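> Give the three-dimensional model of this entry:
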Amino acid sequence: MKKDVSFFEVYGKVNYTINDNWQFGVNEYYSPNFLNTGAWGNYSSITGKYTAPSTIFGSSGVGMYVSGEFGRQWLGTSDSFYGVPAFPNGIKYADYNTWNIGIGFTYKVFTLDLRYSDTNMSKGDCNAFTSDFTAGGTTSVTPINPLGAGSNWCGATGIVKLSADLTAMTNLK
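Reported below is the predicted structural model:
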């Protein structure tokens, strides 16, 4: 992988709130040089969120939500830096889907988010895309990953995030 993976990206987001409980959105991201690979990148997704009524846990002050996203990443062809013998001028990165679903709990300025995330990117294409130094094996052969090393970096994962919104502290009494 190149030392500098800086890149320029433009994006737009639209959210529609139906009521106090339901919100839906669409996202669009585009880069003419995704991760400085020379390949263009386009990501589109839809999102949804259900926020439970504030009384779901009585008067405890604990809130809850369930949210998810489904997206598709389209990618172009890299520059020759990432070329392989079969594609010396660059490789056409594989397009893939990604999704996540989670449940979150809020209390004052704190949020605990428990999330499952996955993708349909193959282990071989993941290795070609990420240059995973821990990739292994020889059975994940794809056109852009001829040696067959497979990466687990793009597979299913569980995510636990605890965050604090310190700007909300000014609204606490």
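> When you work out contacts or count neighbours from here on, use the C-alpha atoms and nothing else.
Fine.
> just the strands in this protein please.
10-17, 22-31, 41-51, 62-75, 96-107, 110-119, 157-164 (DSSP state E).
> The helix or strand bottoming out on mean pLDDT in the chain versus strand 96-107: what angle between them?
Least confident element among the helices and strands of the chain, by mean pLDDT, DSSP states H and E: helix 123-130 (a mean of 89). Orientation note: helix 123-130 sits at an angle of 80 degrees relative to strand 96-107 (axes from the mean of the first three to the mean of the last three C-alpha atoms, to 10 degrees).
> In JSON lines: the strands of the chain, plus mean neighbour count.
Compiled in JSON lines, the strands of the chain are given as follows (neighbours: other C-alpha atoms under 10 Å):
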{"stretch": "strand 10-17", "mean neighbour count": "11"}
{"stretch": "strand 22-31", "mean neighbour count": "17"}
{"stretch": "strand 41-51", "mean neighbour count": "19"}
{"stretch": "strand 62-75", "mean neighbour count": "18"}
{"stretch": "strand 96-107", "mean neighbour count": "17"}
{"stretch": "strand 110-119", "mean neighbour count": "17"}
{"stretch": "strand 157-164", "mean neighbour count": "12"}
